[in-house]
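S.K.: predicted model and sequence below, questions to follow.
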Amino acid sequence: MEEKSLSCGGCEKAPLESVIYELLRKYQCTLTTAESATGGMIASTLVNVPGISDYFQEGYVTYSDEAKVKMIHVNPETIATYGVVSAETAADMAESAARTAGTDAAVSVTGVAGPGGGTKECPVGLVFLGCSLRGRTVTARHRFDGDRMEVRRAAAAEALLLLKKCLEELG
């Protein structure tokens, strides 16, 4: 995972996960993750930061539709109606993960990393992100180019940026 350098108050060129840690600490938010296409990359990046365990409670890798329903209680009707790769499913994943973990926030990812599995309506590289924070949920749609690993890395990085943006809006 490449480091993104952003400013966080007094820290110069801090890695994105450190910026997120500072925001979680500032706003006293607990966090969980619900990952499909990224397979734990978001959680893995967050745990680079010493002390993150004060705020990052748990992470779910819900790769299959069944795991999304069983582990974080995504409504199966959401998946059946909108498809697993959709803004609606990303939102349901984030909301359900936060509720299941009992956290203030959750970030989610669902998409098609490739190289196979894509369709005309749902091409390889299509990813939906969700962020649920204290009852407010936002989603984002992205289309990434590259091989499987590049798509996964880009999705994890964008999910962290979405989380950062949501946390900043608390201020």
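M.R.: Here it is on my side, so go on.
S.K.: hang on, residue 80 is in a helix, isn't it?
M.R.: Yes: Residue 80 sits within a helix when classified using DSSP: H, G, I helix; E, B strand; the rest coil.
S.K.: can you pull out the low-pLDDT segments for this protein?
M.R.: Scanning the chain for pLDDT under 70 picks out 1-12.
S.K.: quick one, helices of the protein?
M.R.: Counting by DSSP state H, the chain forms helices over residues 16-27, 41-46, 65-72, 76-82, 87-101, 148-168, given from the N-terminal end onward.
S.K.: list the helices and strands the second one packs on?
M.R.: When contacts are defined as 3 or more CB pairs under 8 Å, 6 or more residues apart in numbering; DSSP states H and E, helix 41-46 sits against helix 16-27, strand 31-35, strand 56-61, helix 148-168. For glycine as for every other residue, the C-beta is placed from the backbone atoms N, C-alpha and C.
S.K.: dump it to PDB, restricted to CA.
M.R.: Below are the C-alpha coordinates for helix 41-46, written out as PDB (Å, rounded to 0.1, in the frame of the first residue of the first chain):
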ATOM      1  CA  MET A  41      -6.100  -4.100   3.200                       C
ATOM      2  CA  ILE A  42      -7.900  -1.200   4.900                       C
ATOM      3  CA  ALA A  43      -7.600  -2.900   8.400                       C
ATOM      4  CA  SER A  44      -4.000  -3.800   7.700                       C
ATOM      5  CA  THR A  45      -3.200  -0.200   6.800                       C
ATOM      6  CA  LEU A  46      -4.900   1.200   9.900                       C
END
